[in-house]
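Undergrad: Generate coordinates for the sequence data below:
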Amino acid sequence: MLDWIKCQGNVWCNLNTVNLNHPHFNNMEGVYIIWHGGSNPSTVRIGQGVIKDRLAAHRTDPDIQVLSHLDLYVTWASVPPPSMDGVEVFLANSLNPIVGFVFPSAQPIPVNLPW
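TA: Sure, this is the predicted structure:
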């Protein structure tokens, strides 16, 4: 079972304002989900890797930031590197993100969703 992270106050973190310099992110590897709010929330991007680095890159990604007017939220979970591909495939198959790609050769590894 994955431990999906929320920000202080037990609220979903905003992609563009979460403090990526917080010690929590030191050596944090795993998977993440970015979604937008609004009247029809939708998954924007699913990914994996060094969480701090990946989220920083998505802050300047025009394909993601074009949706920032709907508020972009993010959550992440620590996952051992050998399982990241499979977890990412499962999340992508389950949540159908608007942006990005998956590893079609990886066997999906079922995990709990954050909501």
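
Undergrad: okay, CA-based contacts and neighbour counts for the rest of this
TA: OK.

Undergrad: any low-confidence regions in the protein?
TA: 102-104 (pLDDT under 70).

Undergrad: any idea which helix is longest in it?
TA: helix 81-95 (DSSP state H).

Undergrad: and residue 64, what is it in contact with?
TA: When contacts are counted by CA atoms under 8 Å, 6 or more residues apart in numbering, residue 64 touches 44, 45, 58, 99.

Undergrad: measure residue 62 to residue 99 for me?
TA: 11 Å (CA to CA, to the nearest Å).

Undergrad: hmm, I was thinking of residue 19
TA: If you go by CA to CA, the gap between residue 19 and residue 99 works out to 23 Å.

Undergrad: Same check on residue 115?
TA: 20 Å.

Undergrad: do the same with residue 82
TA: Applying CA to CA to residue 82 and residue 99 gives a distance of 24 Å.

Undergrad: same question, residue 12
TA: In terms of CA to CA, residue 12 sits 20 Å off from residue 99.

Undergrad: Among those two, which residue is more densely surrounded?
TA: residue 12 (16 against 12; other CA atoms under 10 Å).
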